[in-house]
Each structure stands twice: as C-alpha cells, then as structure tokens.
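1. structure of the sequence below:
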Amino acid sequence: MRRQLLLPVTVIVLAVLSVHAIAAPNETPEKTLQRYFESLWRGDRTIYEECVDVTQMEAVDISGPIPRWQYTIKKKLSLGPGEVRKAAKGWGPKSPVRVGDVELQVKQSPGFPMVSYYLRQSGGLWKIYLVVPWGDS
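-> Numbers count the residues shown, from 1 in each chain. Next comes the predicted model:
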C-alpha cells in the first residue's frame with residue numbers, strides 16, 4: 001500500500017520542483033535583468049519575451065546577437081506610495097508605476113546614460129515593463 005501511494009506523491013513532487021526550476025530564472029528583479037541582457041546579447045527572442053511585459057514594452061529588433069557590455073546595478077528601489085506619487089507627477093494620471101514595483105538604476109558601459117529598469121512581479125515572476133534612460137553618458 002505504501003508503495004502505491006509513494007509513486008504518485010513522488011511524481012507530484014517532481015512536477016512541482018521542475019516547474020519551480022523553470023520559473024527560477026526570473027525570481028528576482030536582478031536575475032530578470034541579467035536574463036534580459038543575455039537575451040539581447042544572444043539574439044534570443046524567446047528569453048526576451050520571458051523577461052519583459054510584451055503588452056507594455058515596445059518591440060525590440062532581435063534579429064541576431066549584439067555585442068556584450070558591462071553593467072552595474074547602482075541602486076534598487078522598492079516602490080512605495082511616496083515613490084509612486086513622485087512618479088505620477090512626471091507621468092501624470094497614466095503613470096505606469098505601482099506600489100510594489102522595483103526600479104533598478106543601472107550604469108552601463110562608458111558612453112551609455114544611466115538607465116532605470118522598472119519591473120513588476122506577475123505570477124511569481126519579475127518582468128520588465130519600462131526602460132527609462134536618464135543622466136549623462
């Protein structure tokens with residue numbers, strides 16, 4: 001009797017673990033950003049679409065790999081009500097940011113401006129929904 005119960009339980013546990021392993025790459029904003037850059041560097045549209053909210057991001061031409069660049073996350077902000085109100089002043093009533101979103105302020109290779117990547121968690125996975133360049137290059 002125990003063996004008959006053990007097999008279905010084992011199959012269920014393995015199925016849950018495999019789904020978690022597939023979802024794991026986008027479990028943090030930082031991992032999502034790394035995968036996003038890797039998708040651009042490799043020219044991999046499938047991974048790109050796993051990392052961005054395609055309903056909010058403009059289409060990017062991913063016809064092939066592009067040269068790699070260095071980047072550093074300078075600041076990570078978890079957006080609360082104050083940050084959302086501040087953002088709404090710049091964007092107006094159609095502000096895309098919400099409480100709980102994350103902003104990663106990123107310095108890319110020399111010659112590139114600072115860039116803010118805004119991410120939102122959906123279904124347990126983080127996705128980029130807005131990219132805003134700012135500052136000096």
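
2. what about the strand or helix carrying Gly82, average pLDDT?
-> Using DSSP states H and E, Gly82 falls within helix 81-91. Helix 81-91 carries an average pLDDT of 85.

3. same question, stretch 55-63
-> Averaging pLDDT along stretch 55-63 gives 82.

4. buried ones in it?
-> Met57, Ile62 (16 or more other Cβ atoms under 10 Å). To be clear about C-beta, it is placed using only N, CA and C from the backbone, and glycine gets the same treatment.

5. for it, output the C-alpha coordinates as PDB.
-> Only the C-alpha atoms of stretch 55-63 are listed here, as PDB (Å, rounded to 0.1, in the frame of the first residue of the first chain):
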ATOM      1  CA  THR A  55       1.900  44.300 -23.500                       C
ATOM      2  CA  GLN A  56       3.800  47.400 -22.200                       C
ATOM      3  CA  MET A  57       7.200  47.300 -23.800                       C
ATOM      4  CA  GLU A  58       7.900  48.500 -27.400                       C
ATOM      5  CA  ALA A  59       9.000  45.800 -29.700                       C
ATOM      6  CA  VAL A  60      12.800  45.400 -30.000                       C
ATOM      7  CA  ASP A  61      14.500  44.100 -33.100                       C
ATOM      8  CA  ILE A  62      16.100  40.800 -32.000                       C
ATOM      9  CA  SER A  63      17.300  39.600 -35.400                       C
END
